[in-house]
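1. Next comes the sequence, and after it the predicted model I'd like to discuss.
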4 protein chains.
Amino acid sequence: MLRIGMLTSGGDCQALNAAMRGVYKSIMNNATEPVEFYGFLNGYQGLMYGRFKLLTDRDFTGLMTKGGTFLGTSRTPFKEIREPDKDGNDKVALMKQTYYKLMLDCLVMLGGNGSTKTANLLSEEGLNVVTLPKTIDNDLYGTDMTFGFQSAVDIATRAIDEIHTTASSHNRVFIVEVMGHKVGWLPLNAGMAGGADIILLPEIPYDIKKVADAIEQRAKTGHQFTIIAVAEGAISKEDAALSKKEYKKKLAKSKYPSVSYEIAAEIQKLTGREVRVTVPGHTQRGGAPCAYDRVFASRLGAEAGKLILKKQYGFMVGYKNREMVKVPLKEVAGKLKVIDPKSEIIKEAKMLGICFGD
Amino acid sequence: MLRIGMLTSGGDCQALNAAMRGVYKSIMNNATEPVEFYGFLNGYQGLMYGRFKLLTDRDFTGLMTKGGTFLGTSRTPFKEIREPDKDGNDKVALMKQTYYKLMLDCLVMLGGNGSTKTANLLSEEGLNVVTLPKTIDNDLYGTDMTFGFQSAVDIATRAIDEIHTTASSHNRVFIVEVMGHKVGWLPLNAGMAGGADIILLPEIPYDIKKVADAIEQRAKTGHQFTIIAVAEGAISKEDAALSKKEYKKKLAKSKYPSVSYEIAAEIQKLTGREVRVTVPGHTQRGGAPCAYDRVFASRLGAEAGKLILKKQYGFMVGYKNREMVKVPLKEVAGKLKVIDPKSEIIKEAKMLGICFGD
Amino acid sequence: MLRIGMLTSGGDCQALNAAMRGVYKSIMNNATEPVEFYGFLNGYQGLMYGRFKLLTDRDFTGLMTKGGTFLGTSRTPFKEIREPDKDGNDKVALMKQTYYKLMLDCLVMLGGNGSTKTANLLSEEGLNVVTLPKTIDNDLYGTDMTFGFQSAVDIATRAIDEIHTTASSHNRVFIVEVMGHKVGWLPLNAGMAGGADIILLPEIPYDIKKVADAIEQRAKTGHQFTIIAVAEGAISKEDAALSKKEYKKKLAKSKYPSVSYEIAAEIQKLTGREVRVTVPGHTQRGGAPCAYDRVFASRLGAEAGKLILKKQYGFMVGYKNREMVKVPLKEVAGKLKVIDPKSEIIKEAKMLGICFGD
Amino acid sequence: MLRIGMLTSGGDCQALNAAMRGVYKSIMNNATEPVEFYGFLNGYQGLMYGRFKLLTDRDFTGLMTKGGTFLGTSRTPFKEIREPDKDGNDKVALMKQTYYKLMLDCLVMLGGNGSTKTANLLSEEGLNVVTLPKTIDNDLYGTDMTFGFQSAVDIATRAIDEIHTTASSHNRVFIVEVMGHKVGWLPLNAGMAGGADIILLPEIPYDIKKVADAIEQRAKTGHQFTIIAVAEGAISKEDAALSKKEYKKKLAKSKYPSVSYEIAAEIQKLTGREVRVTVPGHTQRGGAPCAYDRVFASRLGAEAGKLILKKQYGFMVGYKNREMVKVPLKEVAGKLKVIDPKSEIIKEAKMLGICFGD
């Protein structure tokens, strides 16, 4: 008997269901012994408190195109994992308890950076763990790609496309705020795909005067409107010079709901132009996964199935140089994959005329 | 020789180009004399200051699927039309001057409520005017439908769809703010199409406690998430009791960027639940028009062409009881088509279980 | 106790699930007595042989955006209803038997023309029946609109849009075959929305020479490509002159899989131009319903619920002149709503330069 | 003065315009001397007969989202390039003549396999040539990816999605024919993304009995419908054993318009089940490029610009192991990148339960 537990953790994204379907199908089709599949509800919470359902074929019918996660999810920051829960219980102990009580052979975790750190901890504590790289931010170390990313790029790009027609009709400056607090892959790609004129990223601090100049430069060559893709975590050169603590304090005091509104106000002041802000927000995590993500998540699922059938644990399934790979969890946990401001893609974007405000 | 001027005024929307293509093609294909077509740039501004381009077949190629308006547009509130411009010139006189200088036979105006008031004024001043009902709000009096509306419903619905998957994965309350300051057709239809549980409209003031109750009621029947479609102009019963002036003053003092954020804060306070706000904003005006709007706008354009060829002026082309009609501008100008809280569609929505907070 | 049976019959289409959700929710939310809801599987077959499932809230969760019908469907032509089944049983008697055995108060049928005829027969036989107008063809008599239609228009239009770019890049003639055997609303609307140059409909027999002329005429004015939207049931003037029997015989002998391929061959012969055929086929019935159809189907469902709660039977719920109406089944059964070649919309399309080959 | 010619050759696809925009912008933004840009019309034909237009910024406005190629294209098979044209002229000589007459520094060619062979020939003849890998088939040797591919996968996947709802409602077997005559990347990826149960590829000859068995096997486990993604060039084991000549003869005699219809007939015979065929056809090349293709094509364009500014000629710009590379044309020309039946992705697909009929 093979007993497998599965959970999704952190912010939801597209293709979580497709990935779980891949894990389930590959094991069910290829296991040489009976299998029991437990789905923990609402992330690590379900593992802590033994909330789960036994999964059958029925649960995976019609799941490929469905957004979100049918198991539910929750955010449990890594730093809280070591703290006791509100009843004073040790969370790690609770999770281990459920794992052993159900006599699991393996836990499959689909999650992003923080969730993978927790998975690594559980692995170090002796549980058999396999993880899949889930995040719209594509910031997971150890893999060239994460599922959810390409679907989110599609949605953010569509928002920029739609803004394009209204911006050009009204000769306005438009800011589209794209998800990405620490890492800018999503705003970079959506900005390039949407034909944004200016892209502001967490990795490349901007000088607001250069941004204003780029807008005026466009006007001089006959383009009265400008589209700016701004990452949630875009940061000015002055703010980048602050200590992390000082910057947090400054943000907390800000009268603007997000950085885009502040940038808008500054541009309006510097150029006298009307600036509008659009925040597609959580729509970027929603809806049906794109074809790319469905194939990719299914393949990752199959590879996870392969590892489990071979009883190889302690890995994240990743994708490097066009090959599926298994990466030891301890090599992945706690590391971010950020944009190098001197990378090929940034140079290409600059050749195309895109301004990064640097 | 037939000389026609054309302009688009007010906020842009989908199918403006399709409608102009309809006017142009129907006249070019059916006129029995030579035709000159003038496109005024950026709305009434172009008419005031004689900024235009002579339009040819080339301008209308590939235009059907293009969002925005290739002529550009601008907002010139009706109350400012009677005021002199910054050089002290009478705006109406300027517009008449351009019209007569170009020896126009007719001016075609594509615009919403305010723009149609200006068109009516020009008509009363002796110009030959035909208008087409453009607005995503579907609030123009004298026509059952406006172009742009159905495309905007598609976009707002898609936003709710995308939020749906993330809301259900996280057990959160989600507010999607849908365009509509004075009139709620767009949030009503998008809310119904998106399966929103609660819809708050300008026409039906809400009681925040009833909204909170509806959320708790859902939780009791096993639905831990709730989707709320909120019109930009949603208003509480208390605020609806204020005078217009008092309410404006209150809004101006609000610390929230829009009503949705205030509603979110109140729900969070009353229910203790996490509430997230999404604002698709100007994306609702953008992108390619949907099939419905393309057919409808093309038909309106053809009917405008018919009127012009018959030299029948002073009308808005509309659609009533499934027939194309011509409505005298003076009957339309300055009137809004609002939702009757006792109408069939509201009753049906309530039967389906949708809460309006009343 | 209120006992309601429900089934979907004929070709599936978008928003069937949304309509059923509307019926279910409106009754569950408003009934003053306990309700049992039976879903018959695979159309009238399920009613004949007592194959059903008891429906609960769970069945209707997440159903709004889902294409197809969760109950399954089947085509049972009206003329076969009166014939005994393969075991020699009277089909109508079988259906009545199931109805009475389950002590149903009412049967809700979602179907198109043929299925509504059967519903009318059951009504005449004494069963309480309410029907909803389902079809992508919008050819049901007694209602201005059917659900499924607008979603199918969206899909067929998108196919034409996609063909547009390739047609213009290659200077080819492209035929897009759009569903519609007897009635052309779908190809007419998709053709107009997609900017087709020529539209061939069942209601307007074409002269192939006029079609070829229109292609050459376009070439003379610089347009080297032409897009033709052809209804599945498009018919030439010669064939329209044949008796129905002769025409059927001719079709049966044809070496072409469908009329589009024959038209393509003839155009190629007459003009020497390369012609390509695309057949989006059953994709036109598939996928998520558009926003329009979701609202419309939900409203129809609510109105059906209203009738049932008032115990008013023997009606199709329809939509006339922007009002929800109930139409006696006997007035609807067996009648088609076809395009009048002299109608407003055809005249407008001709003004826009669209050729119908007549 | 830098003089650059550009042309698109072969079947059109998505992101051709985005790629050309990338070449143009990167050169215009970075050249240190004046630049003249010539766009040859309709592929190599334009180069042969000196049909071109001088390109300016205006030509590249709003081009990112536009499908097709604004320069037009044509198919000129490589084997015909060496043959004289209808006036007896040497085609290669004609092309060289235009190139030298316009004093071009370089020719940029966007095309697939055959077109790249011609480009290599021109390079060998002494012209400076840079090419970009365009094809929905992703079969170009020397690059991991081609632009157009991912957009085509999106469209073919959507077709399968739409068929899914109708297939499951009617319990039918559905075949979706996906483009790919010699190479199956597109049907493989669309099939996996669409959740197809069976995928038939040119690289993996099928046994029709195994296909029928897979359908019956599904039925035994409660799935009464089956979706089959069939490549245009799918081939049975018997046919694969024929010589190329014999197979061509057999195809020419076939009464079926394409292989899908033959497979449908055989399945119907073997299983008695109703089988329907859908052919999305040229829609797979059409419409706006997806976000992935826009970014990728823009980057390829920028890299082409970089090569030209450095005067490095005789290369195709490609993408290998996540890096932009330049590949000598002679290494690329005439080689196909096919699917290895023993590759990772095929093994994963089989683990997921997908049947390839082998």
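-> Perfect, I can see it now.

2. And the helices in the stretch 251-358 of chain A, which stretches?
-> A:259-271, A:291-309, A:329-332, A:344-351 (DSSP state H, counting those that start in this stretch).

3. Export those to CSV and append columns for mean neighbour count and mean pLDDT.
-> C-betas here are computed from N, CA, C, even on glycine. Shown next, in CSV, are these (neighbours: other C-beta atoms under 10 Å in any protein chain shown; pLDDT from 0 to 100):
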stretch, mean neighbour count, mean pLDDT
helix A:259-271, 18, 95
helix A:291-309, 26, 98
helix A:329-332, 18, 95
helix A:344-351, 19, 98
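
4. which residues touch the residue in the stretch 201-350 of chain A positioned nearest to chain B?
-> Residue nearest to chain B within the stretch 201-350 of chain A (C-beta to the nearest C-beta): residue A:286, separated by 3.1 Å. Residue A:286 makes contact with A:14, A:67, A:68, A:155, B:161, B:162, B:163, B:164, B:165, B:166, according to C-beta atoms under 8 Å, 6 or more residues apart in numbering or on different chains.

5. what's the neighbour count on the residue lying closest to it once chain neighbours are set aside?
-> With C-beta to C-beta, 6 or more residues apart in numbering or on different chains as the criterion, residue A:286 has its nearest non-adjacent residue at 3.1 Å, and that residue is residue B:162. The tally of other residues near residue B:162 (other C-beta atoms under 10 Å in any protein chain shown) stands at 27.

6. quick one: what helix or strand has residue B:162 in it?
-> In the assignment (DSSP states H and E), residue B:162 maps to helix B:149-170.

7. how about the helix or strand following that helix: buried residues?
-> Beyond helix B:149-170 on the C-terminal side, the first helix or strand identified by DSSP H and E is strand B:173-178. Buried positions in strand B:173-178, judged by neighbour count with 16 or more other C-beta atoms under 10 Å in any protein chain shown: B:173, B:174, B:175, B:176, B:177, B:178.

8. Identify the residues contacting the residue lying farthest from the centre of chain A.
-> Ranked by distance from the centre of chain A (C-alpha atoms, centre = their mean), the top residue is residue A:220, with 38.2 Å. Residue A:220 makes contact with no residue, according to C-beta under 8 Å, 6+ apart.

9. now the helices: where do they sit in the stretch 1-150 of chain A?
-> A:16-30, A:44-48, A:78-81, A:91-101, A:113-124, A:149-170.

10. Out of the contacts of residue A:286, grab the one that's most surrounded.
-> Neighbour-wise, the contacts of residue A:286 (other C-beta under 10 Å) top out at residue A:14, 33 neighbours.

11. Now do the helix holding residue B:162: which elements does it pack against?
-> Counting contacts by 3 or more C-beta pairs under 8 Å, 6 or more residues apart in numbering or on different chains; DSSP states H and E, helix B:149-170 is packed against strand B:173-178, helix B:185-193, strand B:226-231, helix B:291-309, helix C:291-309.

12. Tell me the spacing between the residue nearest to residue A:179 when sequence neighbours are not counted and chain C.
-> Of all residues not flanking residue A:179 in the chain, residue A:284 sits nearest, at 5.0 Å (C-beta to C-beta, 6+ apart). Distance, residue A:284 to chain C, by C-beta to the nearest C-beta, to the nearest Å: 18 Å.

13. how far away is residue A:284 from residue C:261?
-> 44 Å (C-beta to C-beta, to the nearest Å).

14. before we move on, what about residue A:5?
-> For residue A:5, the distance to residue C:261 - C-beta to C-beta - is 55 Å.

15. What of residue A:214?
-> Taking C-beta to C-beta, one finds residue A:214 at 54 Å from residue C:261.

16. coming back round to it: so can I have a markdown table of the contacts of residue A:286 showing distance to residue D:199 and pLDDT?
-> Below are the contacts of residue A:286 laid out as a markdown table (distance: C-beta to C-beta, whole Å; pLDDT from 0 to 100):
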| residue | distance to residue D:199 | pLDDT |
| --- | --- | --- |
| A:14 | 23 | 96 |
| A:67 | 24 | 92 |
| A:68 | 27 | 94 |
| A:155 | 28 | 97 |
| B:161 | 29 | 96 |
| B:162 | 29 | 95 |
| B:163 | 34 | 95 |
| B:164 | 31 | 92 |
| B:165 | 27 | 87 |
| B:166 | 31 | 88 |
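
17. tell me which of these is nearest to residue C:133?
-> residue B:161 (24.9 Å; C-beta to C-beta).

18. Surely that closest one touches residue A:155?
-> No: Residue B:161 lies out of contact with residue A:155 (C-beta atoms under 8 Å); the separation is 11.2 Å.

19. need the contact list for the spatially closest residue to residue A:56 that is not a sequence neighbour.
-> Closest residue to residue A:56 apart from its sequence neighbours, by C-beta to C-beta, 6+ apart: residue A:37 at 7.8 Å. Neighbouring residues of residue A:37 by C-beta under 8 Å, 6+ apart: A:4, A:6, A:24, A:27, A:28, A:54, A:55, A:56.
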